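> Show me the folded form of this:
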Amino acid sequence: MNTTTRTRRWGVAAVAAVVGLGLAACSSGGGGSDDTSTGGSGGGNAKASCTNKIKKPDATKVTVWAWYPGFQGVVDQFNTTHDDVQVCWTNAGQGGDEYNKFSTAIQAGKGAPDVIMLENEMLPTFETLKGLADMSQSGATQDLKSKYTEGSWSDVTSGDGIYAIPVDGGPVGLLVRKDIFDKYKVKVPTTWDEYATAAQQLKDAGYKGYITDFAPNTNSGMYALWSQAGATTFTYDAGDPTKVGVALNTTETNKVLDYWNQLLGKGLVGHENASTTDYNTHLVDGTYASVVAAAWLPGYLQGMSGADKDAQWQAVPLPQWDAANPVQVNIGGSSFSVTSQAKDKKAATEVAMGLFSTDEAWKIGIDKAALFPQFNQVLNAASFTDKKYPFFNDQQINKDVFVPAAAGYKGFQFSPFQTYVYDQQTQAFHDMVTKKQSAADTLSALQDKIVKYAQGQGYTVSQ
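Next comes the predicted model:
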């Protein structure tokens, strides 16, 4: 289950800074008084020089933290086309580096930007910490819903609140080494039962690799597969932030984890951690015959070293538990939030809504950053759906797999302490692999640990 993710593992400091705040931090935040060093009216609390050039110095300035590749081009395009507001952009670090700085600013009550790029799975955490503003109070309305995919809009809203504007997502498909399946005369699977059969057939036919890898640090990838089987692992509402539901040990989660544990027991899948140098090489050198992958992964595969020069890749829909009733899922995705420290929340909301709202900006996002748009105007445009990918022998992988998957995704709820969950989950899966534990025992222990943690942080927990 090569659910590779762009999210890097958080360092211990980041986990302590964000997760350790708990509900006690809900009263912190609020606006500080520091102005932006770039001059002009407006601006946020983050004192930072702009990476980009401000084109209209007298306009209101909105500070933005983001780490998208090629993002300066998007900022320049926005600033060129806006007279009333200008973006002052800083790359404050990727993933945990940025989150650590943001959590420190929340604790201090100052130092946050006006607008921040966040991975969607982190929104509940920062909602709980009172770090994010409800943009429905500053210009964003539910009318925006029709501009984005259903799942991405669900991911950034909570009740009537709008806590982010969607940017990219990771609808999931299966990337297969067609040459390997063809060589061993194995049919490319469409269901998970067929996938297990194909794994055994490949091995029996003499294939020395594995059909895929079960990475103990799979993180959000497992939640996608649990969701596909009908699991609702967490419930949370920003309007009632002291309550959380935890359901990690259910019929659905056991079904999925036991499936992979059985493949592990038969030696049909690997079990190395994702996102290591060796792992990345194994994705492309023939060690694995398939990859459960988000839509952004194809843009990264072609740059990985050690690739098999004779490889023939093909994208196909994600295998299903019930072929007659397919369920689409998502791994990853990011958005722009307005922080609670933004001085001019209306201007900040205008920026969050506007940065990736044009074809020009999205051309940069797609070509330079391998982003998969959640903005329907771009997602459904022929220039995107019909795009041919040389790495896949000119297959139109968006049309064939990822656009339908994006359209079918309905959204998913993460917990307000997701980094702690990931840390414990990784250890639990590692123990399952190395100590040959059952899926049932693994999930029972994980459920108990997460519930105990949530209660210790002051949450009322339903199970």
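
> burial of the closest residue to Q137 other than its chain neighbours, as a residue count?
Nearest non-adjacent residue to Q137, counting by C-beta to C-beta, 6 or more residues apart in numbering: K345, 7.3 Å away. For every residue, glycine as well, the C-beta is placed using N, CA and C. By other C-beta atoms under 10 Å, 24 other residues sit near K345.

> and if you look at D84?
Look at D84: counted by other C-beta under 10 Å, it has 11 neighbours.

> now it: how far from K346?
D84 is 10 Å from K346, where distance means C-beta to C-beta, to the nearest Å.

> So the closest residue to G265 other than its chain neighbours versus T426, what's the distance?
Once flanking residues are discounted, G265 sits nearest to K436: 7.4 Å by C-beta to C-beta, 6+ apart. According to C-beta to C-beta, K436 stands 17 Å off from T426.

> Compare those two (neighbour count), which wins?
T426 (17 against 10).

> Just the pLDDT for that one.
On the pLDDT scale, T426 is placed at 97.

> for it, what are its contacts?
216-217, 219 (C-beta atoms under 8 Å, 6 or more residues apart in numbering).

> Most neighbours among the residues you listed, which one is it?
N219 (26 neighbours).

> From what I see, that residue and Q424 are in contact.
No - the pair N219 / Q424 is not scored as a contact, 11.5 Å apart, by C-beta atoms under 8 Å.

> Kindly list the longest strand within this protein.
strand 165-177 (DSSP state E).

> right, and the helix or strand after it?
Counting by DSSP states H and E, the next helix or strand C-terminal to strand 165-177 is helix 178-183.

> Show me what that next one is packed up against.
When contacts are defined as 3 or more C-beta pairs under 8 Å, 6 or more residues apart in numbering; DSSP states H and E, helix 178-183 packs onto helix 192-204.

> The helix it packs on: which residues count as buried?
192, 194-196, 198-199, 201-203 (16 or more other C-beta atoms under 10 Å).

> Next: stretch 371-380.
371-376, 378-379.

> Pick the one among the residues you listed closest to L355.
Closest to L355 out of the buried residues of stretch 371-380 is F375 (10.8 Å), distances taken as C-beta to C-beta.

> Need phi/psi at that closest one.
Torsion angles at F375 (phi, psi; degrees, to the nearest 10) stand at phi -80, psi 110.

> Tell me who's in contact with it.
For F375, the contact set (C-beta under 8 Å, 6+ apart) comprises 147-148, 166-167, 356-357, 362.

> and if you look at N330?
Neighbouring residues of N330 by C-beta under 8 Å, 6+ apart: 151, 155, 169-172, 224, 294, 405-406, 409, 412.

> excluding its backbone neighbours, what's nearest it?
Going by C-beta to C-beta, 6+ apart, N330 has Y409 as its nearest residue, at 4.8 Å.

> neighbours around the one you found, how many?
26.

> And it, how far from P298?
Counting by C-beta to C-beta - Y409 and P298 are separated by 18 Å.

> ditto for Y148
Noted for Y148: a distance of 22 Å to P298, by C-beta to C-beta.

> all strands for the stretch 251-400 of the chain, in order.
All strands of the stretch 251-400 of the chain, identified by DSSP state E, counting those that start in this stretch, fall at 290-294, 313-317, 330-338.

> where does the chain have low pLDDT?
Residues of the chain that meet the criterion pLDDT under 70 lie in 1-48.

> Show me the residue at the heart of it, geometrically.
Centroid check for the chain by C-alpha atoms, centre = their mean gives G332 as the closest residue, at 1.7 Å.

> can you pull up the bridge partners for T191?
Q320 (DSSP bridges).

> all numbers from here: first residue = 727
In the new numbering, first residue 727, that becomes T917.

> Run a quick check on it versus P1052, I expect a contact.
No - the pair T917 / P1052 is not scored as a contact, 9.9 Å apart, by C-beta under 8 Å.

> So if I had to pick from these two, which one is more boxed in?
Using other C-beta under 10 Å as the criterion, T917 and P1052 rank with P1052 on top: 17 against 14.

> Surely the more buried one touches G1134?
Yes - taking C-beta under 8 Å as the definition, P1052 is a contact partner of G1134 at 7.0 Å.

> so who does K969 touch?
Applying C-beta under 8 Å, 6+ apart, the residues contacting K969 are 962-963, 1185-1188.

> now it: how far from G1182?
Separation of K969 from G1182 (C-beta to C-beta) stands at 15 Å.

> chain center to the longest strand of the chain: distance?
Its chain's average C-alpha position is 9 Å from that of strand 891-903, according to C-alpha atoms, centre = their mean, to the nearest Å.

> Using PDB, write down the CA coordinates of that strand.
What follows is strand 891-903 as a C-alpha-only set of coordinates in PDB (Å, rounded to 0.1, in the frame of the first residue of the first chain):
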ATOM      1  CA  ILE A 891     -10.400  28.000   0.700                       C
ATOM      2  CA  PRO A 892      -9.400  24.800  -1.100                       C
ATOM      3  CA  VAL A 893      -6.400  24.700  -3.400                       C
ATOM      4  CA  ASP A 894      -5.200  21.200  -4.300                       C
ATOM      5  CA  GLY A 895      -6.200  17.700  -3.500                       C
ATOM      6  CA  GLY A 896      -5.200  14.100  -3.800                       C
ATOM      7  CA  PRO A 897      -7.900  11.900  -5.300                       C
ATOM      8  CA  VAL A 898      -6.600   8.300  -5.300                       C
ATOM      9  CA  GLY A 899      -6.000   5.800  -8.000                       C
ATOM     10  CA  LEU A 900      -3.700   2.900  -8.600                       C
ATOM     11  CA  LEU A 901      -0.500   3.300 -10.600                       C
ATOM     12  CA  VAL A 902       0.600   0.000 -12.100                       C
ATOM     13  CA  ARG A 903       3.700  -1.300 -13.800                       C
END
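
> That one packs against which elements?
Checking 3+ C-beta pairs under 8 Å, 6+ apart, strand 891-903 ends up next to helix 876-882, strand 1016-1020, strand 1039-1043, strand 1056-1064, helix 1129-1134.

> nearest to A973, of those?
When these are ranked by proximity to A973 (C-beta to C-beta), helix 876-882 comes first, at 18.3 Å.

> Run me through the strand neighbours of the next helix or strand after that closest one, direction for each.
The helix or strand immediately downstream of helix 876-882 is strand 883-884, counting by DSSP H and E. Next to strand 883-884 in the sheet, as set by DSSP bridges, lie strand 887-888 (antiparallel).
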